[in-house]
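need a structure here:
(2 chains)
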Amino acid sequence: MKLFEATHTFFYNWSQVSAANWRKYPNDNCPHVVAIDVLDRKVDPETGVLRTERLITCHQTIPGMLNRLCGGCTISYSREVSEIDPQNKVLKMTSCNLSMNHLINVTETVTYTEDPTNPSRTLFKQEARIKCGESISRFAGYIENFFIQRFRDNAAQGRQGFENVLMGQHDKL
Amino acid sequence: MSQSIGSQCNELKKEYDECFNKWYSEKFLKGDIRPECEELFKKYKDCVMNAVKQKQIDKLLVEARKDDPFTSSNSENKGKS
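Numbering: from 1, shown residues only, chains lettered A, B, ... in the order given. Below you'll find the predicted structure:
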């Protein structure tokens, strides 16, 4: 199993960041995310928490052996469930791959919280776990390394892309 | 706005997303949690679920929801299709 962690501070308040979250795609830094759909969405009347389930469609090539293992797939799907607590200013998202999950499991958790030392800033924390399935465990090291590196690259592009979205949203105000 | 998994749903998605984004910033973040955009969401969601079934992703969703249901066992399922 491989783990990935990253933190970042966005110089925008939590409300701006949580609103921009819904406008993150498309962005030029993340061309691999080709579609996002909301499957369900509910506000809990007791807690006021907004829960959303989304389907994310990605298009990204996979080299050599991996490509053969997954049957030449370039389109993949992930499911994301998020919760937004506007009272406590917490946005938490968990996503996992739906495609190829008999071969590999990628689980990501992202949280955006208001910086307790500066409410004009938002703290970002990202964690991912990548684990190969038993059927390909002898290739696990190679495959997990590949996906961790890809995840790291996509995450860096994602953060930059989100910064651009935030800047664009800010400029419109 | 981002695309939908079903290209035939793009227009419905655009209408729903615009309504939701407005509601989110102007109502939800200001403490008004009364839901809006429900009619638009229903039309959009019906279209998406057709596309999901056509691409046979619905079975993958059923499996994934077993581990992490959209609604907890404590919350109401009223209105959830």
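
Can you name the residues of chain B sitting close to chain A?
Residues of chain B lying close to chain A (CB under 8 Å from any CB of the partner chain) are B:1-5, B:9, B:13, B:16-17, B:20-21, B:24-25, B:28-29, B:31, B:33, B:35, B:41, B:44-45, B:48-49, B:52, B:57, B:60-61, B:64, B:68, B:70-71, B:75, B:79-80. The way it works is simple: take the backbone N, C-alpha and C, and place the C-beta from them, glycine included.

got the buried residues for the helix or strand residue A:107 falls within?
Taking DSSP states H and E as the definition, residue A:107 sits inside strand A:104-114. For strand A:104-114, a neighbour-count test (16 or more other CB atoms under 10 Å in any protein chain shown) marks A:104, A:105, A:106, A:108, A:110, A:111, A:112, A:113, A:114 as buried.

Now, the residues of chain B next to chain A that are in helices?
Residues of these located in helices (DSSP state H): B:13, B:16-17, B:20-21, B:24-25, B:41, B:44-45, B:48-49, B:52, B:60-61, B:64.

What count of nearby residues applies to residue A:141?
Using other CB atoms under 10 Å in any protein chain shown, residue A:141 is surrounded by 11 other residues.

Equivalent analysis for residue B:46, please.
Neighbour tally, residue B:46, other CB under 10 Å: 12.

quick one: it from residue A:155, how far?
According to CB to CB, to the nearest Å, residue B:46 and residue A:155 sit 34 Å apart.

and if you look at residue A:73?
Residue A:73 is 21 Å from residue A:155, by CB to CB.

Next: residue A:13.
For residue A:13 relative to residue A:155 (CB to CB), the value is 23 Å.

for residue A:163, same thing?
Plainly put, residue A:163 is 13 Å away from residue A:155 if you go by CB to CB.

and what of residue B:70?
Counting by CB to CB, the gap from residue B:70 to residue A:155 is 25 Å.

Then residue B:9?
On the measure of CB to CB, residue B:9 and residue A:155 end up 28 Å apart.

Quick check: which ranges of chain B have low pLDDT?
Within chain B, the segments meeting pLDDT under 70 span B:71-81.

Could you rerun that using 80?
B:1, B:69-81 (pLDDT under 80).

Give the residue farthest from the middle of it.
No residue in chain B has its C-alpha farther from the mean C-alpha position than residue B:30, which lies at 21.7 Å (CA atoms, centre = their mean).

can you dump the C-alpha coordinates of stretch A:133-146 into PDB?
C-alpha atoms of stretch A:133-146 as PDB (Å, rounded to 0.1, in the frame of the first residue of the first chain):
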ATOM      1  CA  GLY A 133      -5.700  -6.100  -5.400                       C
ATOM      2  CA  GLU A 134      -4.600  -9.600  -4.500                       C
ATOM      3  CA  SER A 135      -4.700 -10.900  -8.100                       C
ATOM      4  CA  ILE A 136      -1.900  -8.600  -9.100                       C
ATOM      5  CA  SER A 137       0.000  -8.500  -5.800                       C
ATOM      6  CA  ARG A 138       3.300  -9.600  -7.400                       C
ATOM      7  CA  PHE A 139       3.300  -6.400  -9.400                       C
ATOM      8  CA  ALA A 140       2.100  -4.300  -6.500                       C
ATOM      9  CA  GLY A 141       5.300  -2.300  -6.000                       C
ATOM     10  CA  TYR A 142       5.500  -1.200  -9.600                       C
ATOM     11  CA  ILE A 143       1.800  -0.500 -10.000                       C
ATOM     12  CA  GLU A 144       1.400   1.400  -6.700                       C
ATOM     13  CA  ASN A 145       4.500   3.500  -7.400                       C
ATOM     14  CA  PHE A 146       3.000   4.400 -10.800                       C
END
